[in-house]
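Participant: Here is the input, now give the coordinates:
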Amino acid sequence: MLRQRLLDVLRVYFKSARPQGPYLFPGDIPGRPITTDAVQRVLRKVVVGCGFTKRVAPHSLRHGFATHLLEAGEDIRTIQRLLGHTSIQTTARYTKVTERHIGRTKSPLDLIGTKKGHQLLG
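Facilitator: This is a model prediction of the structure:
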């Protein structure tokens, strides 16, 4: 997903960093991309700087992305496609359902007598 907001951020980065060569995020070696070790070091600094106590790896960002999409009401099959999973079970393992999200879930009984309930039963 390359939405306008992210594209704007990347354009600002590009204008200020002026990366040389074929990579948007070049590594220390000319003509090579940034290494996974470099990404992990930067993430570790951010995690420590934020005071997080849980272990965070770059892959954690992918899990968080999937979970936020789910909590924002996105369909699990759409999330599956965005993550490139062939199996819905893999997507289910990626997404975590928080207690806050569970607490916001409405019972179908709560919809009886409402416009939304009428639309569902239609």
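Participant: show me what contacts the residue minimising distance to the centre of the chain?
Facilitator: Geometric centre of the chain, nearest residue: F65, 1.6 Å, by CA atoms, centre = their mean. Applying CB atoms under 8 Å, 6 or more residues apart in numbering to F65 gives no contacts. C-beta here means a position set from N, CA and C on the backbone, and glycine is covered the same way.
Participant: secondary structure class for it?
Facilitator: helix (DSSP: H, G, I helix; E, B strand; the rest coil).
Participant: low-confidence ranges in this protein?
Facilitator: Within the chain, the segments meeting pLDDT under 70 span 117-122.
Participant: how about the helices in it?
Facilitator: Assigned by DSSP state H, the helices in the chain fall at 4-17, 36-50, 58-71, 76-83, 88-94, 99-103, 115-121.
Participant: helices and strands around the shortest one, which ones?
Facilitator: Looking back up the chat, that one is helix 99-103. For helix 99-103, the packing partners by 3 or more CB pairs under 8 Å, 6 or more residues apart in numbering; DSSP states H and E come out as helix 58-71.
Participant: Tell me the buried residues in the helix it packs on?
Facilitator: Going by neighbour count (16 or more other CB atoms under 10 Å), the buried part of helix 58-71 is 65-67, 69-70.
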